[in-house]
Each structure stands twice: as C-alpha cells, then as structure tokens.
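> this is the structure alone, sequence omitted:
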C-alpha cells in the first residue's frame, strides 16, 4: 500500500511541476462514443433523473469527495475514510438503479390494464384521441402520469408528435 501511495505522490508532483513550468501533462483520453452516452441518457430517463450523464457522475464524485473530506477531518485516517467515500460515490447509482427497476416493472404491469381501458373506450367512442384522453384521466397510475400532458401536446404539436413525446417519457420498450 505504501508503494501505491508513493507512486501517486510522485505522479502528483510530476503533474504539478509540469503545470508550474508551463508544460502541463495532457493525457490523451479516448473519446466517449455517442451510443454509450445515449444508453446512459436512456438509463437516467428510465430512472426518472432529469440530468445528463456527466452531471450525474459529477454529483456522485463530489458527494464522495465531501464524505472523504469530512471523514478525513474527523478521523484523521485516510484509509478509514476511503471505503465510506467509495460507497457514497456508488450510492446514487444503486438508489436510481432500484428506482429504475421498480418504475419499469410498474409501467410493464400497467399496460395490460391500460390496453383494456383503451379498447373499451374505443368501443364506446370510436375515436382514438378521446380514448387516449380518457386513458390520461382514468387509466392506471403509471400510464396516467405519462399521458398527463397528452392533451396540450396534441393540440400544439399534433397527435403523432404527442405520442412520440409519451414514448420518450416512458422510455420503455413495451411502450414502443
């Protein structure tokens, strides 16, 4: 462990000297590919997080650094502060992973009832637009939340665009 600490201290000193002498170290990191980012955005949308992947990672890292700094000040032992700070970095991910799983299960479980309501409404009204409006007010709760803005979106953007917005809001393959 001492070897790792000495290597990290040496690397830090090297980078600081390069910065002060005018030759900062510029590591060439691989570029993040577009599909990976879109998968992360989809994951966050499914979890109900309104943040970019970069913001989510930054907040998680800042949380870990804050926990590390507080524990380092209180305990004065960086080895003891390291493990709780690592857990606090992973905390938001585990919380939202569980939230995502629950949300996707609720949406998948709500579709059979929603389709039954939609079919019954179509038999009565013979109008898809009215049936979708009725689904927004009287359908299963997870679908009601997604269809809540359907009326306003359909009036301003049109029915097809409103349904595309609902599909992206649900972010569920079953909903497609």
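Thanks, I have the structure now. Not measured: the values here are computed from a predicted model.

> what's the neighbour count on residue 162?
Residue 162: 21 surrounding residues under other C-beta atoms under 10 Å. From N, CA and C alone the C-beta is placed, and that goes for glycine too.

> report the mean per-residue pLDDT for stretch 151-164.
Taken as a whole, stretch 151-164 has a mean pLDDT of 85.

> nearest residue to the middle of the chain?
residue 44 (1.7 Å; C-alpha atoms, centre = their mean).

> hang on, that one packs against residue 96?
Yes. Between residue 44 and residue 96 there is a contact at 7.5 Å, judged by C-beta atoms under 8 Å.

> now the one helix or strand in the chain whose mean pLDDT sits lowest: how far from the chain's centre is it?
The helix or strand of the chain with the poorest confidence is helix 34-47; it has a mean of 74 (mean pLDDT, DSSP states H and E). Averaging C-alpha positions (C-alpha atoms, centre = their mean, to the nearest Å) puts helix 34-47 7 Å from its chain's average.

> who does it touch, helix- and strand-wise?
Packed against helix 34-47, as judged by 3 or more C-beta pairs under 8 Å, 6 or more residues apart in numbering; DSSP states H and E, are the following elements: helix 53-75, helix 78-125.

> so how far is residue 40 from the residue lying farthest from the centre of the chain?
The outermost residue of the chain, judged against the average C-alpha position, is residue 21 (40.9 Å), by C-alpha atoms, centre = their mean. Separation of residue 21 from residue 40 (C-beta to C-beta, to the nearest Å): 37 Å.

> same question for residue 94.
Remark: distance between residue 94 and residue 40 (C-beta to C-beta) = 16 Å.

> do the same with residue 165
Between residue 165 and residue 40 the computed distance is 21 Å (C-beta to C-beta).

> got a list of what the nearest residue to residue 97 once chain neighbours are set aside touches?
Closest residue in space to residue 97, ignoring its immediate chain neighbours: residue 47 at 7.2 Å, by C-beta to C-beta, 6 or more residues apart in numbering. Taking C-beta atoms under 8 Å, 6 or more residues apart in numbering as the criterion, residue 47 is in contact with 96-97, 99-100, 103.
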